[in-house]
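1. This is the structure alone, sequence omitted:
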């Protein structure tokens, strides 16, 4: 658990990679990115692959709970944001047709592993009705 907390701290310390001063804490900034509807599904989709993938494949692999799919424009914007904060990297394939492919950076892979732990925990405790009911917002 200590390992998890230390690497999570390193991740959130490196979220704001721009030179602009941040008015929020790194933790709040990280959770604002994770709270977007596209972020966690994209991190899972990229983390489940051992190869670079393009926007179309990502779009086809992400199924939101309501059966809807994210648009390519939404995925592109989210990938751009995740690239800017250092969780995703993109490469342009020069063969015809030109296309951009994406993969997780080492920081993105660390976050993916933590999200897997969180998913496992939530799946495990979701069957424990009393535990879920005992959680309060604050």
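-> It's in. These numbers were taken from a predicted model, which means no experiment stands behind them.
2. Helices of this structure, start to end?
-> With helices called from DSSP state H, the chain shows them at 2-13, 26-34, 39-47, 55-61, 72-84, 106-125, 129-134.
3. Would you point to the one among those that's packed deepest?
-> helix 39-47 (a mean of 20; mean count of other C-beta atoms under 10 Å). C-betas here are computed from N, CA, C, even on glycine.
4. Tell me the pLDDT of the closest residue in space to residue 102 that isn't next to it in sequence.
-> Of all residues not flanking residue 102 in the chain, residue 90 sits nearest, at 4.9 Å (C-beta to C-beta, 6 or more residues apart in numbering). At residue 90, the model reports a pLDDT of 92.
5. 20 is where my numbering starts, stick with that
-> In the new numbering, first residue 20, that becomes residue 109.
6. Go ahead and confirm residue 109 touches residue 120.
-> Yes: using C-beta atoms under 8 Å, residue 109 makes contact with residue 120 at a distance of 6.8 Å.
7. circling back: okay, the helices of the chain in JSON lines with distance to residue 113 next?
-> Converted to JSON lines, these look like this (distance: least, C-beta to C-beta, whole Å):
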{"stretch": "helix 21-32", "distance to residue 113": "32"}
{"stretch": "helix 45-53", "distance to residue 113": "30"}
{"stretch": "helix 58-66", "distance to residue 113": "22"}
{"stretch": "helix 74-80", "distance to residue 113": "17"}
{"stretch": "helix 91-103", "distance to residue 113": "19"}
{"stretch": "helix 125-144", "distance to residue 113": "24"}
{"stretch": "helix 148-153", "distance to residue 113": "50"}
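8. Point out where the protein drops to low pLDDT.
-> The chain contains residues with pLDDT under 70 at 20-42, 84, 146-157.
9. Residue 89 and residue 75 touch, don't they?
-> No: Residue 89 is beyond contact range of residue 75, at 11.6 Å (criterion: C-beta under 8 Å).
10. To what extent is the residue nearest to residue 121 buried, counted in neighbours?
-> Neighbourhood size, residue 109 [other C-beta atoms under 10 Å]: 16.
11. residues in contact with it?
-> 98, 102, 119, 120, 121 (C-beta atoms under 8 Å, 6 or more residues apart in numbering).
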